[in-house]
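K.L.:
dropping a prediction and its sequence here:
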Amino acid sequence: MAPSHSATLLSATLLILCSLSHATSTGHILTVVNNCPFPIWPGIQPNSGGQVLERGGFFLPSLSHRSFPAPTQSWSGRIWARTHCSHSNNRFSCLTGDCGGKLECNGAGGATPATLAQFVLHHGPNDLWSYGVSLVDGFNVPMTVTPHEGKGVCPVVGCKADLLATCPGKLQVRSHPGVVACKSACEAFGTDELCCRNKYNSPQTCRPSSFSQFFKHSCPATFTYAHDSPTLMHQCSSPRELKVIFCH
């Protein structure tokens with residue numbers, strides 16, 4: 001006797017629910033949250049050869065978020081915010097974090113200065129994910145990274161302070177809205193010592209400066225110069241979700 005339509009429908013529904021349950025229980029999620037009182041345009045850049053996520057960039061209105069599946073293979077890269085973006089003369093451009101005048105960065109990096117979230121997502125027995133927030137390339141928006149449902153030591157890290165209000169004059173990037181970003185000392189002055197280049201490119205010779213100390217004082221849980229403490233890159237086992245949160 002052929003199964004009834006109701007029985008077939010019930011079986012199909014249960015199969016779909018089981019599939020969804022499995023996907024929900026095993027999948028990992030990246031979420032970008034905009035708590036700023038203004039829109040941002042997040043950019044995402046994989047390290048060389050990595051998968052481009054969400055076409056590399058998108059628009060995110062104030063007080064909204066966007067979630068998407070984390071890569072199923074090991075992945076490393078960065079996320080940042082572009083600010084004060086506009087279309088003019090058929091060209092898209094941003095005052096901070098611009099990735100070559102494109103809405104979707106498609107693997108391109110952002111212009112400095114910009115606050116960066118950095119990730120290394122390892123898939124294996126423990127799904128060990130490393131994450132940190134860097135001000136080595138300067139600051140444009142407060143940012144934190146928050147893991148959810150991970151195992152081990154999984155702290156919230158980043159910079160909640162709005163450093164635009166206190167940015168030293170020599171580091172300020174100014175435009176018609178006022179101070180829109182805060183440069184690194186390397187970008188502002190370009191010396192080998194401040195850029196940790198050539199003979200200064202080692203943990204022994206690359207030292208904090210008064211300018212990196214400005215960033216560190218307000219945001220101790222961030223990288224502030226090229227050879228800052230590697231312990232600032234935290235590892236969390238099997239987090240269900242990683243949230244990159246802009247502003248608080």
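P.N.:
Ah, there it is. Numbers count the residues shown, from 1 in each chain.

K.L.:
dump the longest strand belonging to the chain to PDB, restricted to CA.
P.N.:
For the chain, the longest strand by residue count, based on DSSP state E, is strand 75-88. Only the C-alpha atoms of strand 75-88 are listed here, as PDB (Å, rounded to 0.1, in the frame of the first residue of the first chain):
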ATOM      1  CA  TRP A  75      41.400  29.900   7.400                       C
ATOM      2  CA  SER A  76      43.200  33.000   8.500                       C
ATOM      3  CA  GLY A  77      42.500  36.700   7.700                       C
ATOM      4  CA  ARG A  78      41.300  40.000   9.000                       C
ATOM      5  CA  ILE A  79      38.100  42.000   9.400                       C
ATOM      6  CA  TRP A  80      37.900  45.800   9.700                       C
ATOM      7  CA  ALA A  81      35.400  48.600   9.300                       C
ATOM      8  CA  ARG A  82      35.300  51.200   6.600                       C
ATOM      9  CA  THR A  83      33.700  54.500   7.600                       C
ATOM     10  CA  HIS A  84      32.400  57.700   5.900                       C
ATOM     11  CA  CYS A  85      31.700  55.900   2.600                       C
ATOM     12  CA  SER A  86      29.900  57.400  -0.300                       C
ATOM     13  CA  HIS A  87      29.200  57.100  -4.000                       C
ATOM     14  CA  SER A  88      30.400  60.100  -6.000                       C
END
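
K.L.:
for the closest residue to Pro203 other than its chain neighbours, grab phi and psi.
P.N.:
Leaving aside its sequence neighbours, Pro203 sits nearest to His227 (CB to CB, 6 or more residues apart in numbering; 4.6 Å). For every residue, glycine as well, the C-beta is placed using N, CA and C. Dihedral pair for His227: phi -110, psi 40, per degrees, to the nearest 10.
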